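**Student:** Give me a 3D structure for the following:
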Amino acid sequence: MRREVRGSSIIILLLAAVMTVSVFMPLSLRADDSVSLYLDIPDTEVNPGDIITVNVMADSLEHVTRFGPVNLGFNQGKVEYLSIWQPAELSAFTYTTEVLDTGRVVVSAVDEMTEADLNDILVQEGEITDDISFYSDEPIILFSVSFRMKPTATGEARFWIAEADDFRTGLGNEMSISIGDGITVTSDGGISTDSSIASMSIDGVTLTPEFSPDVYTYTASVNRETTSLDISTVPGNLWAAVSIDGDTNLELGENVVTIDVVAQDGSDTSQYIIYVTRQDSAVLEGAGVVDAYGKNFAFINFPDEYEIPEGFTQTTKTINGFTVPCFSREGVLSVLVYLYDGENDPGFYFYNPSTRTITPYVKGNTIIRPGVVMSMIDIPEDVTMPSGLVPETIQINGQNVSGFRDKEGAFIVYLKDENGNSGFFRFDEETGMFYEYVQVDRTAEKIFRILFRVFMWVAIIESVMIVVIIYVVRRVIKKKTQPRPKRV
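**Tutor:** Below is the predicted model of the structure:
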């Protein structure tokens, strides 16, 4: 009986211990704080000149905001690096790739906007109740790398994940990583029968659906100004022959572009067809852009009458995959485009392709600095005005600009840039440029002047006193050495 009780006590203690461990188990030991990496290659039997696609896979990505560097090794004596492909599921991530001469492709990626949002939540609310970072509990491609089997290469070529680091969750926890075995492809030196296209793109044009080697029919649209297409193709095998027809002299309406591919051994052929519609408009239907804050804008045709800032000339740019008309100025990164946000009236906006910021253009309210577009705004109530400013309006490049004159005679304006940064700027009337305004603190100079005057007057008074003392002493000495004769 005692043994049974003792055995029951041991079992209870073990259960309690297990429950305690489960309750206080560190986050790093949870299932969603680990990831397994492995490689996937669709075809391991290849020929010289063939393209090899290596998919770097993760068994899951549960609330991940960054990963890498992931170091993919390859046999550079047998294969050469071509390109890297980022999956659509991870489009919010910014990828960084480095190809080393030691036979390594090093890839890192980070979702900066999500990380910033999560950090703001942690700072302001102290906890994350709804983790918005990327989540997938199924296998997913982290990235795909294309290699080409070298023309003289035969035998085996190996690919492997040499190392991987810094997989982090939305909470900033570092995930534990396990790496699977590598994969070997084999080339017997035969002649290729591959008549596929591994990748295809058209400059400034979006294909529908997205290109895939085993999809042979596509549609695309171009604006009225486009009369020819710049098509880039990479055949699946180096020696496959590619010919393109119908890509020039596009007519209004539908055009048919054909891309014919003949395999190296001539036994197999493929034809890809693109139905291209040249629209009777300068802006493609459905062309749009999303700014850095997630707001959608649609590109539309210019109005019949408009005014633009001095120095801007009309051109076309590819923005968000669409070739659109715009105005640009030499030395200024932002371009002037005509947009509709679905709420306000259509109008001209400055679009900065580097920061993806979109700023309304207001006539008479825009200042162009080197590479930066500035807008004149009212001075906020919480901004301290520099002392001694007097309101004044002057003309700059034919535009009335309201600002101030300081005590030194400099013209001062309050401006805001495309990123929302604002402040006082000084206009240099000789160069015609604006510079950040820093008011000179002359307190020390004033104190020095006062002290200088005080000490000067002290010195003058001391000098007068010395002269008086000398005069008195000399009179006393003179009286003693030359006494007056006494009258008898």
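
**Student:** Helices along the stretch 51-200 of the chain, start to end?
**Tutor:** 112-124 (DSSP state H, counting those that start in this stretch).

**Student:** Pull out the buried residues from stretch 402-409.
**Tutor:** Residues of stretch 402-409 classed as buried under the neighbour-count rule (16 or more other C-beta atoms under 10 Å) are 403-404, 406. Every C-beta, even on glycine, is put in place using the N, C-alpha and C of the backbone.

**Student:** Might you calculate how far it sits from the centre of the chain?
**Tutor:** In terms of C-alpha atoms, centre = their mean, to the nearest Å, the centre of stretch 402-409 is set 37 Å apart from its chain centre.

**Student:** can you check stretch 414-427 too?
**Tutor:** Counting by C-alpha atoms, centre = their mean, stretch 414-427 is centred 22 Å from the centre of its parent chain.

**Student:** Quick one: end-to-end distance for it.
**Tutor:** 11 Å (C-alpha to C-alpha, to the nearest Å).

**Student:** For that stretch, what does the pLDDT average out to?
**Tutor:** For stretch 414-427, mean pLDDT is 79.

**Student:** just to revisit the earlier point, tell me which of the buried residues of stretch 402-409 is nearest to M433?
**Tutor:** The nearest member of these to M433, counting by C-beta to C-beta, is G403 at 14.6 Å.

**Student:** just checking, that closest one touches A410?
**Tutor:** No. Look at G403 against A410 with C-beta atoms under 8 Å: they stay out of range, at 9.8 Å.

**Student:** Can you pull the residues that touch both of these two?
**Tutor:** Contact criterion C-beta atoms under 8 Å, 6 or more residues apart in numbering; residues shared by G403 and A410: F427.

**Student:** before we move on, the earlier item: now, the buried residues of stretch 402-409 that are in helices?
**Tutor:** Judged by DSSP state H, the buried residues of stretch 402-409 include no members of helices.

**Student:** Turn those residues into TSV, columns for pLDDT and distance to M113.
**Tutor:** Shown next, in TSV, are the buried residues of stretch 402-409 (pLDDT from 0 to 100; distance: C-beta to C-beta, whole Å):
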residue	pLDDT	distance to M113
G403	86	36
F404	88	38
D406	85	40
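
**Student:** where in the stretch 101-250 of the chain is pLDDT low?
**Tutor:** For the stretch 101-250 of the chain, the stretches with pLDDT under 70 are 120-130.

**Student:** switch the cut-off to 90
**Tutor:** Applying pLDDT under 90 to the stretch 101-250 of the chain flags residues 112-133, 152, 169-173, 188-190, 203-206, 221-226.

**Student:** ranges for the strands of it?
**Tutor:** Secondary structure of the stretch 101-250 of the chain, counting by DSSP state E, counting those that start in this stretch: strands at 104-110, 134-136, 140-149, 155-164, 168-169, 176-179, 183-187, 197-202, 217-222, 231-235, 241-245.

**Student:** Please apply the same query to the stretch 301-450 of the chain.
**Tutor:** Using DSSP E, counting those that start in this stretch, strands in the stretch 301-450 of the chain cover 313-319, 322-328, 335-340, 347-352, 357-360, 366-369, 372-376, 390-396, 399-405, 411-417, 422-428, 433-436.

**Student:** Is it possible to get TSV of the ones you listed that adds distance to R474?
**Tutor:** As requested, the strands of the stretch 301-450 of the chain are arranged in TSV below (distance: least, C-beta to C-beta, whole Å):
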stretch	distance to R474
strand 313-319	88
strand 322-328	87
strand 335-340	87
strand 347-352	84
strand 357-360	83
strand 366-369	72
strand 372-376	74
strand 390-396	59
strand 399-405	59
strand 411-417	62
strand 422-428	61
strand 433-436	64
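
**Student:** So for E112, which of those sits nearest?
**Tutor:** Between those, strand 357-360 lies closest to E112; by C-beta to C-beta that is 15.2 Å.

**Student:** Need the phi and psi values for G236.
**Tutor:** phi -60, psi -30 (degrees, to the nearest 10).

**Student:** again with the one 4 residues further on
**Tutor:** Taking degrees, to the nearest 10, you get phi -70, psi 140 for the backbone angles of A240.

**Student:** returning to that earlier point: so which of the strands of the stretch 301-450 of the chain gets nearest T384?
**Tutor:** Comparing these by C-beta to C-beta, strand 422-428 comes nearest, at 10.2 Å.

**Student:** residues in contact with the closest residue to I197 other than its chain neighbours?
**Tutor:** Leaving aside its sequence neighbours, I197 sits nearest to T233 (C-beta to C-beta, 6 or more residues apart in numbering; 5.2 Å). Shown in contact with T233 (C-beta under 8 Å, 6+ apart): 197, 199-200, 242, 244, 259.

**Student:** switch the cut-off to 6 Å
**Tutor:** Taking C-beta atoms under 6 Å, 6 or more residues apart in numbering as the criterion, T233 is in contact with 197, 200, 242.

**Student:** Can you check which strand is longest in the protein?
**Tutor:** strand 61-74 (DSSP state E).

**Student:** residues making contact with that strand?
**Tutor:** 32, 103-111, 114-115, 131, 133-136, 140, 159-160, 162-164, 167-170.

**Student:** Would you mind checking those residues for buried ones?
**Tutor:** Buried, going by 16+ other C-beta under 10 Å: 32, 103-111, 114-115, 131, 133-134, 140, 159-160, 162, 164, 167-170, out of the contacts of strand 61-74.

**Student:** Is there a neighbour count for the residue nearest to A88 when sequence neighbours are not counted? I'd like the number.
**Tutor:** In space, and not counting its chain neighbours, A88 is closest to E210: 7.7 Å by C-beta to C-beta, 6+ apart. Using other C-beta atoms under 10 Å, E210 is surrounded by 9 other residues.

**Student:** when you give positions from now on, start the count at 594
**Tutor:** Shifting the count to begin at 594 puts that one at E803.

**Student:** Would you check how far apart E803 and F943 are?
**Tutor:** According to C-beta to C-beta, to the nearest Å, E803 and F943 sit 31 Å apart.

**Student:** Ok, V663 next?
**Tutor:** In terms of C-beta to C-beta, V663 sits 38 Å off from F943.

**Student:** Then D626?
**Tutor:** In terms of C-beta to C-beta, D626 sits 44 Å off from F943.

**Student:** Look at these two and report which has more neighbours.
**Tutor:** F943 (23 against 19).

**Student:** ok, the more buried one - contacts?
**Tutor:** F943 neighbours (C-beta under 6 Å, 6+ apart): 927, 929, 952, 954, 966.

**Student:** Could you list the alpha-carbon positions for stretch 833-842 in PDB?
**Tutor:** Output of stretch 833-842 as PDB, limited to C-alpha atoms (Å, rounded to 0.1, in the frame of the first residue of the first chain):
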ATOM      1  CA  ALA A 833      17.800  27.100 -78.000                       C
ATOM      2  CA  ALA A 834      16.900  29.500 -80.900                       C
ATOM      3  CA  VAL A 835      14.500  32.300 -80.100                       C
ATOM      4  CA  SER A 836      12.700  34.500 -82.700                       C
ATOM      5  CA  ILE A 837      10.300  37.300 -82.000                       C
ATOM      6  CA  ASP A 838       7.700  38.700 -84.500                       C
ATOM      7  CA  GLY A 839       5.100  41.500 -84.200                       C
ATOM      8  CA  ASP A 840       6.900  43.600 -81.500                       C
ATOM      9  CA  THR A 841       7.300  46.700 -83.700                       C
ATOM     10  CA  ASN A 842       4.900  49.100 -85.500                       C
END
